[in-house]
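Asks: got a predicted structure here, sequence first:
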Amino acid sequence: MYDALYSEIDDLRFWNKILRDQVSAFESGEKYLRIIEECNKAREADARTIRRLEGEIEKERREKSKSFEIWYNTCSEIAEKYDKLMLKHRELHDKYIKKCREVYALKTKLEKEKEKSNFLKNKNKKNYKNSSMPSSMSPNHEIIHNSREKTGKKPGGQPGHEHHGRKEHKATKIIVLPPPEEYKNSSRYVSTGNVIKKQKISVRVVTDVVEYVTPEYRDKKTGQRVHAEFPEGLKEDVTYDSSVKALAYMINNDLYTSIDKTKVFLEEVTHGELSLSTGFICGLSKEFSEKTEEEREKIFREMMDSEILHSDFTFSRVSGKQASVIITATNDAVLYQERSKKGDEGVKGSPVENYEGILVSDHESALIKHGSKNQECLAHILRYAKDGIENEPDKTWHGLLCKWIAKSIAYWENIDKGKKQYKKKEANLLIGELESILGKAKEEYEYEPPSRYFRAGYNTYKRMTEDIEDYILFLRNPKVPPTNNLAERCARKIKRKGHQVIAFRTEEGFGFFCDGKTIIETARNKGENIYDAIVRCFA
């Protein structure tokens, strides 16, 4: 215990000694001077450190400045090189874009020229199969074969086939050939009771001339010359009756022979007995037109009352200008009407203008406005489809449409000929098939739009889509024919006359010809003898 106490006292004495020495040092000023000296040394050391650090900072600043300058110069060089490179690349890019545009323009032009070339090539290939051009206008066209399949049999009647000989005529003279004596008086031959007949037919033209003769008298008082009245119609010294007029008129207007050739033919066939003037033959058209006015009005009224009416326009030339004809036809009658223009003006005054029945036409805009319902001529659509197959080979809907038209027309013909009965279910299947074909056309045209040089296929698709009922009416009503061939065939008669005359001299003469064709074609449709019908009109 005492040891610990003495140890603690020693420690206190030790610390007391230290504190006294420190107080003495402060009191004497030594400590203060030493602190100041140490502070000065520390300040000097700090100043040296600051100067060293400032030097290092300056050195680092200079290094950084130099590095920045190097970096800036390097970046400037890189930027300058980059700008030059980009300028070069931009120039190359502009040249590339320019070349691309030139190539694109050339390819576009080439594609257009290819389309134009294909269009012109296919236009040059147009014939009676894929356009409205008649076969007579296609020089050196191939033979139109029938649809019968070859069987390998020889042509002509087959064994067991009933013989169909030439038509026998009423004999004007009978010559009996006596049997040879070896047959008649021989016991070897026995008569069968049959008579073998063979006719030889010849023709000759005979001119019957009836001459009326009467004495003439003179009045002594007045000097007037008088004689018996001649039969009606005998005004000239020589008068031709209706048979001569009908023959000359038929040759000129129905057989499409020129007036001069008609005159020559009649002279030759009568051995010079019948020599008509060209003026007389030319005037027959006007006379025939005037005498058949009532009959044409009757035909007009019959057409207005018909359930189905066919109509079409065709063209000819009159005095160097184009003229048109509106044709209206039924199964029994045909009406030709001359017009200066087609369209709405051509429809005026025709049965089509106020017609309320079913109208069959070729989708002429002026015609489809009339009638309660319309049937588009599928023969025209078939030609458009065949034309589309050649001009748009990448599309398939044209071929499908051709097959559908052939199948649908065959179905209608079987019903019309009584080979099968009309069934609404079968007709609806055909209608549905057409709708799917038009859907196929929509897909193909949306994927690849039509060419600017050939839009006939696209236009056909659009028309059929917008007015599909105009193309399937014959399937809903079997009385309606699917084609306008009835009027189309009548239009060919105008074309044939146009080829013969090249151009009619006057509109009046063209109208007279149309009036005459109305009577002739109506008689032909009714199965009448054309010559007798013309004679009756001239009488």
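Replies: Thanks, I have the structure now.
Asks: bridged to Ala323, which residues?
Replies: Counting by DSSP bridges, Ala323 is bridged to Ser316.
Asks: measure it to Glu91 for me?
Replies: 66 Å (Cβ to Cβ, to the nearest Å). For the C-beta atoms, the positions are set from N, CA and C on the backbone; glycine is no exception.
Asks: more neighbours, those two?
Replies: Ala323 (23 against 10; other Cβ atoms under 10 Å).
Asks: how far off centre is stretch 344-354?
Replies: Put simply, stretch 344-354 sits 24 Å off its chain's centre (Cα atoms, centre = their mean, to the nearest Å).
Asks: sorry, slip of the keys, the one I care about is stretch 67-80.
Replies: 73 Å.
Asks: so which helix or strand takes in the residue nearest to Asn354 when sequence neighbours are not counted?
Replies: Closest residue to Asn354 apart from its sequence neighbours, by Cβ to Cβ, 6 or more residues apart in numbering: Met304 at 7.2 Å. Using DSSP states H and E, Met304 falls within helix 293-305.
Asks: so for that helix, what gets flagged as buried?
Replies: Neighbour-count burial for helix 293-305, counted by 16 or more other Cβ atoms under 10 Å, picks out Glu295, Arg296, Ile299, Phe300, Met303, Met304.
Asks: contacts for stretch 189-207?
Replies: Applying Cβ atoms under 8 Å, 6 or more residues apart in numbering, the contact partners of stretch 189-207 are Glu168, His169, Ala171, Glu182, Tyr183, Val269, Thr270, Glu273, Leu274.
Asks: in those, find the pair that's most separated.
Replies: Glu182 and Leu274 (50.8 Å; Cβ to Cβ).
Asks: of these two, which one has the most company?
Replies: Shown here are Glu182 and Leu274; by other Cβ under 10 Å, Leu274 has more neighbours (19 against 9).
Asks: what count of nearby residues applies to the closest residue in space to that one that isn't next to it in sequence?
Replies: Spatial nearest neighbour of Leu274, excluding adjacent residues (Cβ to Cβ, 6+ apart): Leu266 at 4.8 Å. Residues near Leu266, counting by other Cβ under 10 Å, number 21.
Asks: wasn't Leu266 part of a helix?
Replies: Yes - read with DSSP: H, G, I helix; E, B strand; the rest coil, Leu266 is one of the residues of a helix.
Asks: that one against Ser277, yeah?
Replies: No - here Leu266 does not reach Ser277: they are 11.2 Å apart, not a contact under Cβ atoms under 8 Å.
Asks: where along the stretch 101-250 of the chain do the strands fall?
Replies: Ranges of strands within the stretch 101-250 of the chain are 216-218, 225-227, based on DSSP state E, counting those that start in this stretch.
Asks: these: which one's closest to Ile50?
Replies: strand 225-227 (167.8 Å).
Asks: skipping adjacent residues, who's closest to the residue nearest to the spatial centre of the chain in space?
Replies: Residue closest to the average C-alpha location in the chain (Cα atoms, centre = their mean): Tyr384, at 4.2 Å. Spatial nearest neighbour of Tyr384, excluding adjacent residues (Cβ to Cβ, 6+ apart): Thr460 at 4.8 Å.
Asks: burial count for the one you found?
Replies: 21.
Asks: which ones are touching it?
Replies: By Cβ under 8 Å, 6+ apart, the neighbours of Thr460 are Ile381, Tyr384, Ala385, Gly388.
Asks: now, which of these sits nearest Leu434?
Replies: Checking the contacts of Thr460 one by one against Leu434 (Cβ to Cβ), the nearest turns out to be Ile381, at 10.6 Å.
Asks: top helix in the chain by residue count?
Replies: Looking across the chain with DSSP state H, the single longest helix is helix 30-124.
Asks: how far does it sit from its chain's centre?
Replies: 66 Å.
Asks: so what secondary structure elements neighbour that helix?
Replies: helix 2-28, helix 378-391 (3 or more Cβ pairs under 8 Å, 6 or more residues apart in numbering; DSSP states H and E).
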